[in-house]
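*Asks:* What would the 3D arrangement of this be:
(2 chains)
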Protein chains: 2
Amino acid sequence: MNKFWQTCARCARTVRFSLSGRCGCGGTLLVEYDMERIRSTVHKSALKERPATMWRYKELLPLAREQSIVTLGEGWTPLLSMKPLERKLNVRQVWVKREEQNPTGSFKSRGFSSTISLLKEHGIDYVAVPSNGNAASAMAAYAARAEMRSAVIVPKDCPGIIIEECLRYGASTYVVDGMIHDASRIIEEGAQEQGWFHAGTLKEPGRVEGKKTMGLELAEQLGWMLPDVIIYPTGGGSGIVGMWKAFQELLQLKWIGGKLPRFVSVQEAGCQPLVDALRTGAFVPPSTETVTSKPTGLRVPNPPDGELVVQIVKQSQGTALGVTAEQIREAQMQMGRLGISSSPEGAATLAGLIQLREGGWITRGESVVLFNTSHADKYLPWTPPAAVPVIRSYEDLREHQRKAGRG
Amino acid sequence: MNKFWQTCARCARTVRFSLSGRCGCGGTLLVEYDMERIRSTVHKSALKERPATMWRYKELLPLAREQSIVTLGEGWTPLLSMKPLERKLNVRQVWVKREEQNPTGSFKSRGFSSTISLLKEHGIDYVAVPSNGNAASAMAAYAARAEMRSAVIVPKDCPGIIIEECLRYGASTYVVDGMIHDASRIIEEGAQEQGWFHAGTLKEPGRVEGKKTMGLELAEQLGWMLPDVIIYPTGGGSGIVGMWKAFQELLQLKWIGGKLPRFVSVQEAGCQPLVDALRTGAFVPPSTETVTSKPTGLRVPNPPDGELVVQIVKQSQGTALGVTAEQIREAQMQMGRLGISSSPEGAATLAGLIQLREGGWITRGESVVLFNTSHADKYLPWTPPAAVPVIRSYEDLREHQRKAGRG
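*Replies:* Numbers count the residues shown, from 1 in each chain, chains lettered A, B, ... in the order given. As a prediction, this is how the structure comes out:
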């Protein structure tokens, strides 16, 4: 029996901890901890002696037993000072958080280390996720580490190298002729028959908690101070939710005080529902026919709780902006010339910084953290040699299983 | 003025510290430190509060000034316990050191963080390296970080994704119709005219010192104990030299005591000069026509100081063995199914473990560390879109420069 509960971010209802991340009202259930107990038993200075992984914050992760931890060595990624960018953009401090140095080559390692640990603790043995790519390969790796079965569904234009990763980690791998929400719908339809646990964004409480460690680390690595601005590439938005939650918890623990960072959500201009919602005040997912973004983690027309992400960005006095594919490409080249292997999503944060500094939204005296969420290599055009079934519906998936003699 | 000197591993002559790694006798010059001073000023328990990079061992790295450090966040990589391998192979302890989580996706980050730092401190502004791939892209990244120019020459069958990395980090990139020693010869020929500092394996003292941190970390991560066996994929061999040096220094500091690990050098059977030398007692580089190995970091027919590597392996009561491309491929699949993105070189260590356990050379009660030196993704077949000049000689390179209007 664990000692956590969950509160709905929309209706504020508090419930006993379960594996669901959704409230009956449609809101997102967020895990709560006994902060008084943590405050009285852990001093922040004691963290220095903890392992250099995200599990150094074990009291703030929702496992009942430490032996449930499924780790591949995730978190505590370098925070790199970028002097040439400070000079070039005339801004006081720019850091890059190097999330590509996680075990699966992306920030998605964090979310799935905690999710798979949690699912293992609760006896789940088969897990499925809809993803634009990096979440799929991360889930496949952690499921393999936990000796659990996994299935992933990604868009058919997902980078081939990431599909290859899913296969290598042993996931049942499908590509959908559609977008990430189509993949999610198929998993929902098949969950009962297949025995899948649906581990999509905000479907269960583990992922946000794992992502939260990015915020906890940022505070600790900066000596329990926070930057003025965090620029984060935003698709589903669980990273923003996670870091915002981290800062609330650090305030409750009195490990930090004072002003919190302004969150900037960067999206690609061809699919920017958060940018539009911030401008218009109402969240309206774009129809998928109008989406022109490249197949990256930024392409999420209909995030599971866009309202919550927009609300957090607003509350933080932050903003959201769309950058073009061309601006992303140029920023990626700049990152390379600075010695950093940067994914399009990571590079989008630099493109965002350039725009916001030029427009004066970020001022000269400020400090900024960019999140480089994944390695550049993963996005090189490549076709996996193994045939991956293309599906449009759950029925297609069943049909494929029947043909493969598994149905 | 720094406070280091160098001693030749062959003739034992001691000289003042310089940027040369070669002694007049043909031996390798290794850096020496004032160990008494370090022992009296640093306690090993104080390391716990140091940054989670290889620079936590700054007193054992040959920089005169801390501000010379060129870092991208390298080292202190996870050491992962592999329970399923322990069960399957019936051996007490198996760990994987996840070197692919370094900033450039390979263990080569370490050597070039220290080499480029050292070169920067000594005023070098243009550096060149012959490489099978990962050293080239690592050097290019660190040179970019140091705002230094770089040139790399790799074999023309080098993995295309790694060539792409070199281009992305801004290196002048050439492929040689030949092997790594042909690339080295071209750099030697052109060094003066081009203004290149030749940063090839064991050419300068920085690389071994950087690699050494793998050994220092292993000791610290295991609580100042060492495993019974270290299985290391061996090409040029500077990793073996570096770790052996690490253990000698830790003994001098009395930070460890007792028995040192047996080193196992794993090579690919189609190019195994170290294996042959250990068997025959004499080091004879194979003629390149007989080399059938795949283009990986293991393919080094003529390592710069093969005698030293063989001597260290022998002294440690270790061994060397060749594994086939097929065994490597199978081991790579096994690593994937355990959740680990493993390069062919990294997978070769598992193939080696399987053979040595089956043959009884490694016994049931022993502990073993495998080095996973790089990510699997880097080795996927891919052709970089940018044209990279193919050369056979330094004259070809000059000709290319003339045509490009740079000569």
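
*Asks:* Spit out the contact partners of A:Thr53.
*Replies:* Shown in contact with A:Thr53 (C-beta atoms under 8 Å, 6 or more residues apart in numbering or on different chains): A:71, A:73-76, B:78. (C-beta placed from N, C-alpha, C; glycine too.)

*Asks:* TSV for these, including neighbour count?
*Replies:* Output for the contacts of A:Thr53, formatted as TSV (neighbours: other C-beta atoms under 10 Å in any protein chain shown):
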residue	neighbour count
A:Thr71	21
A:Gly73	24
A:Glu74	30
A:Gly75	27
A:Trp76	23
B:Pro78	22
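
*Asks:* Out of the residues you listed, which is nearest to A:Gly339?
*Replies:* Nearest to A:Gly339 among the contacts of A:Thr53: A:Trp76, at 20.4 Å, using C-beta to C-beta.

*Asks:* picking up where we left off before, which of the contacts of A:Thr53 sit farthest apart?
*Replies:* By the measure C-beta to C-beta, A:Thr71 and A:Trp76 form the most distant pair in the contacts of A:Thr53, at 11.6 Å.

*Asks:* and the nearest residue to A:His400 once chain neighbours are set aside, how many neighbours does it have?
*Replies:* Nearest residue to A:His400 in three dimensions, chain neighbours excluded: A:Pro389, at 4.5 Å (C-beta to C-beta, 6 or more residues apart in numbering or on different chains). Number of residues near A:Pro389 (other C-beta atoms under 10 Å in any protein chain shown) recorded here: 17.

*Asks:* Residue numbers of the stretch 301-407 of chain A in contact with chain B?
*Replies:* Contact residues (C-beta under 8 Å from any C-beta of the partner chain) of the stretch 301-407 of chain A with chain B: A:333, A:336-341, A:375-378, A:380, A:382.

*Asks:* What count of nearby residues applies to the residue nearest to A:Arg168 when sequence neighbours are not counted?
*Replies:* Distances taken as C-beta to C-beta, 6+ apart place B:Gly336 nearest to A:Arg168, at 3.7 Å, with adjacent residues excluded. Residues contacting B:Gly336 under the criterion other C-beta under 10 Å number 22.

*Asks:* Repeat that for the one 10 residues further on.
*Replies:* Number of residues near B:Gly346 (other C-beta under 10 Å) recorded here: 31.

*Asks:* Dump the contacts of A:Thr53 to TSV, plus distance to B:Val369, secondary structure and pLDDT.
*Replies:* Output for the contacts of A:Thr53, formatted as TSV (distance: C-beta to C-beta, whole Å; DSSP: H, G, I helix; E, B strand; the rest coil; pLDDT from 0 to 100):
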residue	distance to B:Val369	secondary structure	pLDDT
A:Thr71	17	coil	98
A:Gly73	14	coil	98
A:Glu74	20	coil	98
A:Gly75	22	coil	98
A:Trp76	21	coil	98
B:Pro78	12	coil	98
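
*Asks:* can you put those in a markdown table and add distance to A:Gly195?
*Replies:* Formatted as a markdown table, the contacts of A:Thr53 follow (distance: C-beta to C-beta, whole Å):
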| residue | distance to A:Gly195 |
| --- | --- |
| A:Thr71 | 25 |
| A:Gly73 | 29 |
| A:Glu74 | 27 |
| A:Gly75 | 30 |
| A:Trp76 | 35 |
| B:Pro78 | 32 |
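
*Asks:* A:Leu321 belongs to a helix, doesn't it?
*Replies:* No - membership of A:Leu321 in a helix is not supported by DSSP: H, G, I helix; E, B strand; the rest coil, which gives strand.

*Asks:* that's a strand at A:Thr7, yeah?
*Replies:* Yes - with three-state DSSP as the criterion, A:Thr7 is located in a strand.

*Asks:* Quick check: it vs chain B, distance?
*Replies:* Applying C-beta to the nearest C-beta, to the nearest Å, the value for A:Thr7 to chain B is 33 Å.

*Asks:* if I look at that residue, how far off is A:Thr115?
*Replies:* Distance of A:Thr7 to A:Thr115, given as C-beta to C-beta, to the nearest Å: 19 Å.

*Asks:* Likewise for A:Leu251?
*Replies:* From A:Leu251 across to A:Thr115, the span is 25 Å (C-beta to C-beta).

*Asks:* Comparing these two, which residue is more hemmed in?
*Replies:* Legend: neighbour count by other C-beta under 10 Å for A:Leu251 and A:Thr115, higher for A:Thr115 (31 against 14).

*Asks:* And that one, which helix or strand is it part of?
*Replies:* Element membership for A:Thr115 (DSSP states H and E) is helix A:108-121.

*Asks:* other SSEs contacting that helix?
*Replies:* helix A:134-145, helix A:206-221 (3 or more C-beta pairs under 8 Å, 6 or more residues apart in numbering or on different chains; DSSP states H and E).

*Asks:* next SSE after it?
*Replies:* Using DSSP H and E, the helix or strand that follows helix A:108-121 in sequence is strand A:126-130.

*Asks:* mind listing what the residue positioned nearest the centre of chain A touches?
*Replies:* Central residue of chain A (C-alpha atoms, centre = their mean): A:Gly239, 4.5 Å from the mean position. For A:Gly239, the contact set (C-beta under 8 Å, 6+ apart) comprises A:107, A:211, A:214, A:232, A:371.

*Asks:* Over to A:Val309?
*Replies:* Residues near A:Val309 by C-beta under 8 Å, 6+ apart: A:234, A:237, A:240-241, A:265, A:274, A:303.

*Asks:* farthest pair in the residues you listed?
*Replies:* Spanning the widest gap among the contacts of A:Val309 are A:Val241 and A:Leu274, at 12.1 Å by C-beta to C-beta.

*Asks:* And stretch A:325-345, what's buried?
*Replies:* Buried residues in stretch A:325-345, counted by 16 or more other C-beta atoms under 10 Å in any protein chain shown: A:325, A:327-328, A:330-332, A:334-336, A:338-345.

*Asks:* Which of the residues you listed fall in helices?
*Replies:* Among these, DSSP state H puts A:325, A:327-328, A:330-332, A:334-336, A:344-345 in helices.

*Asks:* Out of these, the closest to B:Val310 would be?
*Replies:* The closest of these to B:Val310 turns out to be A:Gly336 (C-beta to C-beta; 38.8 Å).

*Asks:* so that closest one makes contact with B:Arg168?
*Replies:* Yes - A:Gly336 lies in contact with B:Arg168 (C-beta atoms under 8 Å); the separation is 3.8 Å.

*Asks:* thinking again about what came up before, among the ones in helices among the buried residues of stretch A:325-345, which one lies nearest to B:Gly359?
*Replies:* A:Gly336 (45.3 Å).

*Asks:* and A:Gly210, what pLDDT?
*Replies:* Looking at A:Gly210, its pLDDT is 98.

*Asks:* How about A:Met1?
*Replies:* 43.

*Asks:* sorry, back to before: contacts only, for the residue nearest to A:His400.
*Replies:* Listed by C-beta under 8 Å, 6+ apart, the contact set of A:Pro389 reads A:174-175, A:396-397, A:400.

*Asks:* and the gap between it and A:Ala138?
*Replies:* 21 Å.
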